[in-house]
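Trainee: Here is a sequence with its predicted model. Questions after.
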Amino acid sequence: MMNISDIVFDTYVICPLCKRKMRTLSGTHLKHKHGFSGMVEFKLEYGIPMSTALVARDIKETMHKHGKRRAKWFKENVMPKGIEQSKTAIGDMVPKELRMHSGRLRRGQSWIPEYISEMKQQGWLDLYDAATSLNIAYNYARKCATDGRLKVIHSKGLRFTKPEWVEDARKLLKENREKWRGGQ
Ligand SMILES: [Zn+2]
């Protein structure tokens, strides 16, 4: 689990994956640079409560001073749609269990580790397993899962794959590597 004080500072935030300093750690950055499906998946993965803002502290303080504007900004930028603000969100895209996640995490009662081991008992692999098996970086496994090179299922906001799909990805990655080498 990630300690917030290791990534959120007075004038910047550090992306735990690429160590880049930024004013805000955005869902866009996580998506494009690290292959996450978005902020929700990142926060789940790192055990960060959904309501925690990944922005420089001075930005948050300025926003505090601006009352309503801050609340609106906070809702739009910090709270992933469908989690804490699910009552007002259009549709109900996030399972109830996921919405409960934030509070449970704070109380150390998150269902996620248990759910992952349950899925593994049924033969599913998580992206860590896939990365290890494919001998690739975890970040790269996420990218593959996002762009479809590694087939995955989405379950309760988490991603799982199976041994056959990992084998498919292994073949595909090998082919691509050979193609790339052949073109040199
Ligand atoms: Zn990064």
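Mentor: Yep, that arrived.

Trainee: Skipping its backbone neighbours, what lies nearest Y128 in space?
Mentor: In space, not counting the residues next to it along the chain, Y128 is nearest to Y138; the distance is 6.2 Å by Cβ to Cβ, 6 or more residues apart in numbering. C-beta: built from backbone N, CA, C; applies to glycine.

Trainee: Tell me how far the one you found lies from G47.
Mentor: As judged by Cβ to Cβ, to the nearest Å, Y138 and G47 stand 16 Å apart.

Trainee: hang on, the earlier thing: pretty sure the residue nearest to Y128 is touching A131, no?
Mentor: Yes. Counting by Cβ atoms under 8 Å, Y138 touches A131, with 4.5 Å between them.

Trainee: For the residue nearest the centre of the chain, which residues are in contact?
Mentor: In the chain, the centroid-proximal residue (Cα atoms, centre = their mean) is F42; its distance is 2.0 Å. Remark: with contacts taken as Cβ atoms under 8 Å, 6 or more residues apart in numbering, F42 is in contact with G27, L30, H34, F36, I48.

Trainee: Export those as JSON lines, with columns for secondary structure, pLDDT and neighbour count.
Mentor: Below are these laid out as JSON lines (DSSP: H, G, I helix; E, B strand; the rest coil; pLDDT from 0 to 100; neighbours: other Cβ atoms under 10 Å):
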{"residue": "G27", "secondary structure": "helix", "pLDDT": "89", "neighbour count": "19"}
{"residue": "L30", "secondary structure": "helix", "pLDDT": "92", "neighbour count": "23"}
{"residue": "H34", "secondary structure": "helix", "pLDDT": "91", "neighbour count": "18"}
{"residue": "F36", "secondary structure": "coil", "pLDDT": "88", "neighbour count": "24"}
{"residue": "I48", "secondary structure": "coil", "pLDDT": "86", "neighbour count": "22"}
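
Trainee: Look up how far the ion lies from G47.
Mentor: When distances are taken as Cβ to the ion, to the nearest Å, G47 and the ion turn out to be 17 Å apart.

Trainee: repeat for D129
Mentor: As judged by Cβ to the ion, D129 and the ion stand 23 Å apart.

Trainee: check contacts around that residue.
Mentor: Contact partners of D129, counting by Cβ under 8 Å, 6+ apart, are K120, T161, V166.

Trainee: Check the spacing between the residue nearest to the first one when sequence neighbours are not counted and the ion real quick.
Mentor: To tie it back to what came earlier, the one meant is K120. Taking Cβ to Cβ, 6+ apart, and ignoring the residues beside it in sequence, K120 has D126 as its nearest neighbour in space, at 7.1 Å. Distance check for D126 against the ion: by Cβ to the ion, it reads 21 Å.
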